[in-house]
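Visitor: Sequence and predicted structure below; questions after.
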Amino acid sequence: MSLREYARHRGCHPNAVSYAIQEGRIVSKDGLIDSEAADVSWDIKTQHTKSHDEPKKVSSVVTEARGAFIQARTARELINIEREKVNAKLRELQYLVRVGELVEAKGIEREAFNRFRILRDSMMSIPDRLAGILAVETDEQAIFDLLRAEIEQVFRAFATEEERAA
């Protein structure tokens, strides 16, 4: 078998076979190699402490490290993009507050609560205001008209106050 054929047989580079011949690990006669004898001799005379897998291991570690770095950089960029989105939204909200299109919900809730408390108090005071008048009134339509007028007055006052507040 030729040197190149033997290299293919061993799954190595022809230079490795040439080096093995020079080192005396295998024998070549007239440029030909007895593959069975060379395989046995190669295995016996080769120092297996030298690992040819180390470069592959280093290479795979480098590849893994490069992949981890790319993942970390991608994650950092995604975080930066999200941070920019949040900052843009905050700037938009600040602008809306500044131009008066956005207000604090708690303040609105407090104001609504106070105004409707005033409405409730006004409605609850109708009996106090009309009790004496209604007590002497005997005409049902007149009672109805008095109650209706008083209720309308309370709601008109509430609406006027609402308009003023807006």
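Guide: Happy to help now that I have it.

Visitor: Report the buried residues of stretch 29-40.
Guide: 33, 38 (16 or more other Cβ atoms under 10 Å). All C-beta spots, glycine's among them, are computed from the backbone N, C-alpha and C.

Visitor: first to last residue in that stretch, what's the distance?
Guide: Start-to-end span of stretch 29-40 (Cα to Cα, to the nearest Å) is 16 Å.

Visitor: all strands of this protein, in order?
Guide: Shown for the chain, the strands assigned by DSSP state E span residues 28-29, 32-33.

Visitor: For Glu92, find the nearest of those strands.
Guide: Glu92 lies closest to strand 32-33 among these, at 78.2 Å (Cβ to Cβ).

Visitor: ok now the closest one, how far from the chain's centre?
Guide: 65 Å (Cα atoms, centre = their mean, to the nearest Å).

Visitor: Give the other helices and strands that that strand contacts.
Guide: The criterion is 3 or more Cβ pairs under 8 Å, 6 or more residues apart in numbering; DSSP states H and E, and there are no helices or strands that strand 32-33 contacts.

Visitor: residues making contact with it?
Guide: With contacts defined as Cβ atoms under 8 Å, 6 or more residues apart in numbering, strand 32-33 is touched by 1-3, 6, 17, 21, 26-27.

Visitor: Any figure for the gap between the residue nearest the centre of the chain and Ala75?
Guide: Nearest residue to the geometric centre of the chain (Cα atoms, centre = their mean): Glu82, 7.4 Å. Using Cβ to Cβ, to the nearest Å, we find Glu82 at a distance of 11 Å from Ala75.

Visitor: coming back round to it: out of the strands of the chain, nearest to Thr160?
Guide: strand 32-33 (112.1 Å).

Visitor: What's the mean pLDDT across that closest one?
Guide: The average pLDDT within strand 32-33 is 90.

Visitor: Likewise for stretch 155-166?
Guide: Here the average pLDDT along stretch 155-166 is 85.

Visitor: Could you do stretch 44-59 as well?
Guide: Mean predicted confidence for stretch 44-59 is 63.

Visitor: For His13, grab phi and psi.
Guide: phi -80, psi 150 (degrees, to the nearest 10).
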